[in-house]
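Asker: Sequence plus predicted model, see below.
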Amino acid sequence: MKIDWAALGSVFGVSLVVTVALVGLFTLGVAGLSRRERAVAQGDSAALAVTGAYACFAACAAAVAYGISLIVA
């Protein structure tokens, strides 16, 4: 049995980058919802923050769905 170390390293690197990107997107979504809570407490509108948060969550869901489709196919 021969292990292709270059391919294994490539898979590890891509999975690490994608994981960090998904965590970053989800964090931005949570931060957007947090801004909405602060705006509501102050009596301001936070439509842009909510839209950005929902866009981040949608991008996370799309990335997860794409990953699942790659596994299933």
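Answerer: That came through, no problem.
Asker: Can you mark which positions in the longest helix seen in the chain are buried?
Answerer: Once the chain is assigned using DSSP state H, the helix that runs over the most residues is helix 5-42. Across helix 5-42, burial judged by 16 or more other Cβ atoms under 10 Å covers 25, 28-29, 32-33, 35-36, 39. Quick note: C-beta positions are derived from backbone N, CA and C, even for glycine.
Asker: which residues touch Leu8?
Answerer: Applying Cβ atoms under 8 Å, 6 or more residues apart in numbering to Leu8 gives no contacts.
Asker: I'd like the distance between it and Leu16.
Answerer: Taking Cβ to Cβ, to the nearest Å as the measure, Leu8 falls 13 Å from Leu16.
Asker: what mean pLDDT does stretch 37-51 have?
Answerer: Average pLDDT, stretch 37-51: 84.
Asker: Over to stretch 54-73?
Answerer: Averaged over stretch 54-73, pLDDT sits at 95.
Asker: What residues sit buried inside it?
Answerer: Of all the residues in stretch 54-73, those buried under the rule 16+ other Cβ under 10 Å are 56-57, 59-60.
Asker: need the contact list for Ala49.
Answerer: For Ala49, the contact set (Cβ under 8 Å, 6+ apart) comprises 32-33, 35-36, 39.
Asker: Would you mind giving those as a markdown table with distance to Ile3 added?
Answerer: A markdown table is the format used below for these (distance: Cβ to Cβ, whole Å):
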| residue | distance to Ile3 |
| --- | --- |
| Gly32 | 43 |
| Leu33 | 44 |
| Arg35 | 47 |
| Arg36 | 49 |
| Ala39 | 53 |
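Asker: thinking again about what came up before, in CSV, list the buried residues of stretch 54-73 along with distance to Leu70.
Answerer: Formatted as CSV, those follow (distance: Cβ to Cβ, whole Å):
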residue, distance to Leu70
Cys56, 21
Phe57, 21
Ala59, 17
Cys60, 16
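Asker: ok, of these, which one's closest to Val72?
Answerer: Within the buried residues of stretch 54-73, proximity to Val72 (Cβ to Cβ) peaks at Cys60, which comes in at 18.8 Å.
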